[in-house]
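> show me the folded form of this:
(one chain, ligands or ions: 2)
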Amino acid sequence: MNNIRIILAGPRGKMGQEALKMIEDTSHFELVAAVDSKNDGLQVKDLLGAPQSLEAPVYDDMENCLASIEADVVVDLTRPDIGKKHLELALNKGLRTVIGTTGFSNEDLERLKALAEEKQTGAIIAPNFAIGAILMMKFSQMAAKYLPDIEIIEKHHDQKLDAPSGTALKTAQLITEVREEKKQGHPDEKEDLKGARGAELEGIRIHSVRLPGLVAHQEVIFGGEGQVLTIRHDSMNRTSFMPGVRLAVESVMNIEGLVYGLENIME
Ligand SMILES: NC(=O)c1ccc[n+]([C@@H]2O[C@H](COP(=O)([O-])OP(=O)(O)OC[C@H]3O[C@@H](n4cnc5c(N)ncnc54)[C@H](O)[C@@H]3O)[C@@H](O)[C@H]2O)c1
Ligand SMILES: O=C(O)C1=N[C@H](C(=O)O)CCC1
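Ligands and ions are numbered 1, 2, ... in the order given. From the prediction side, this is the model:
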């Protein structure tokens, strides 16, 4: 297998730091550059906590980086506004892209899907790279057919910018593929305190918890006559996401168009 040359955006972030280690540990991955919000001109190994073996330049601007560096895949682990911009720049260059950054709306996804098709290149947007979280979403889709009264509680660390989480939105979307829109709860229920019943997507209530100490957690609760089923996943640390990042980078080399969700590439 030829080496896959990677540009990583967000190398100093919590995910970015784990991704640097994963790239270093993967013999057929090669880091060719990093895009940071500062540190232009430094080497990746000069960034605090970065593996010392990573000799690749740091750029503080994706456009400059793409103009100077030959790469196969851009991996973005930054923040919602920046991730969208980076994906657009990479697609316009015809470069394959893996986006772990969350906060994409349906309109963003439609627009970026059309762009990937137009540029005849591949992109993967994965709201959650943890294999267990993908299984939690798939099991929830299976259960929704039989127990259609559902609420989602997602819990994340308090530095998260987007709410609800990309995982909760993706879970709700998978459920709506097998379930009709449904009004849940009492027909006359009203919120005495705004937000008490959470957000709503086609009748599914989504509740977002943000607390220090949490990483990434979700419960999908199904209520039926005399029974409750809970499907739950917990990421205890960010290494849990790395096998999924590796799989996405390998897979994006062989796809055309935009794939939204790792479940679409898992065998
Ligand atoms: N898909 C998944 O499985 C998964 C898992 C964890 C986090 N995430 C998402 O990944 C993103 C990053 O998460 P995190 O916990 O590492 O966040 P973080 O805040 O720790 O890191 C984000 C990094 O992006 C950098 N950044 C900001 N602007 C930039 C720019 N213009 N160019 C380059 N870098 C820039 C910041 O300096 C920071 O180092 C978030 O959107 C989060 O929701 C996704
Ligand atoms: O921001 C995070 O940290 C995470 N976000 C993802 C989401 O929005 O679903 C899931 C993994 C961690």
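
> can you pull the residues of this protein lying near ligand 2?
Proximity of the chain to ligand 2, by C-beta under 6 Å from any ligand atom, involves residues 102, 127-128, 156, 160, 165-167, 216. In short, each C-beta sits where N, CA and C put it, glycine included.

> which of the residues you listed ranks first by neighbour count?
The most crowded member of the residues of the chain next to ligand 2 is residue 128, carrying 28 neighbours; neighbours defined as other C-beta atoms under 10 Å.

> local confidence estimate at the closest residue to that one other than its chain neighbours?
Nearest non-adjacent residue to residue 128, counting by C-beta to C-beta, 6 or more residues apart in numbering: residue 167, 4.4 Å away. Per-residue confidence (pLDDT) for residue 167: 98.

> reformat the residues of the chain next to ligand 2 as a markdown table; add distance to ligand 1 and secondary structure.
Formatted as a markdown table, the residues of the chain next to ligand 2 follow (distance: C-beta to the nearest ligand atom, whole Å; DSSP: H, G, I helix; E, B strand; the rest coil):
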| residue | distance to ligand 1 | secondary structure |
| --- | --- | --- |
| 102 | 4 | coil |
| 127 | 6 | coil |
| 128 | 4 | coil |
| 156 | 8 | strand |
| 160 | 6 | coil |
| 165 | 7 | coil |
| 166 | 7 | helix |
| 167 | 8 | helix |
| 216 | 6 | strand |
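
> show me where the stretch 101-250 of the chain has its strands.
Using DSSP state E, counting those that start in this stretch, the strands of the stretch 101-250 of the chain run over 122-125, 149-156, 199-201, 204-210, 216-224, 227-235.

> for residue 9, see how far away residue 43 is.
Taking C-beta to C-beta, to the nearest Å as the measure, residue 43 falls 16 Å from residue 9.

> do the same with residue 28
Distance, residue 28 to residue 9, by C-beta to C-beta: 21 Å.

> next: residue 129.
As for residue 129, its distance to residue 9 is 15 Å (criterion: C-beta to C-beta).

> ok, the two, which is more surrounded?
Using other C-beta under 10 Å as the criterion, residue 129 and residue 9 rank with residue 9 on top: 30 against 25.

> who are the neighbours in contact with the more buried one?
By C-beta atoms under 8 Å, 6 or more residues apart in numbering, the residues touching residue 9 are 16, 34-36, 62, 74-78, 82-83, 86.

> do the same with residue 96
72-74, 90, 121-123, 252-253.

> tell me the one among those nearest to ligand 1.
Ranked by distance to ligand 1 (C-beta to the nearest ligand atom), the contacts of residue 96 are led by residue 74 at 11.1 Å.

> hang on, that closest one in a strand?
Yes: assigned with DSSP: H, G, I helix; E, B strand; the rest coil, residue 74 falls within a strand.

> output the contacts of residue 96 in CSV; the columns should cover distance to residue 53 and pLDDT.
Converted to CSV, those look like this (distance: C-beta to C-beta, whole Å; pLDDT from 0 to 100):
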residue, distance to residue 53, pLDDT
72, 20, 98
73, 20, 98
74, 21, 98
90, 25, 97
121, 30, 96
122, 28, 97
123, 28, 97
252, 24, 98
253, 23, 97
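
> you'd agree residue 89 is up against residue 66?
Yes: with contact defined as C-beta atoms under 8 Å, residue 89 counts as touching residue 66 (6.2 Å).

> who has more neighbours out of these two?
residue 66 (21 against 18).

> tell me which element the more buried one falls in.
Using DSSP states H and E, residue 66 sits within helix 62-68.

> buried residues in that helix, which are they?
62, 65-66 (16 or more other C-beta atoms under 10 Å).

> do the same with stretch 212-221
Buried residues in stretch 212-221 (16+ other C-beta under 10 Å): 214-221.

> okay, which residue of the protein is out on the far edge from center?
residue 188 (36.6 Å; C-alpha atoms, centre = their mean).

> if I look at that residue, how far off is ligand 1?
37 Å (C-beta to the nearest ligand atom, to the nearest Å).

> contact partners for the residue in the stretch 1-150 of the chain that ligand 2 sits nearest to?
Nearest to ligand 2 in the stretch 1-150 of the chain, going by C-beta to the nearest ligand atom, is residue 102, at a distance of 3.6 Å. Listed by C-beta under 8 Å, 6+ apart, the contact partners of residue 102 are 80, 127, 162, 165-167.
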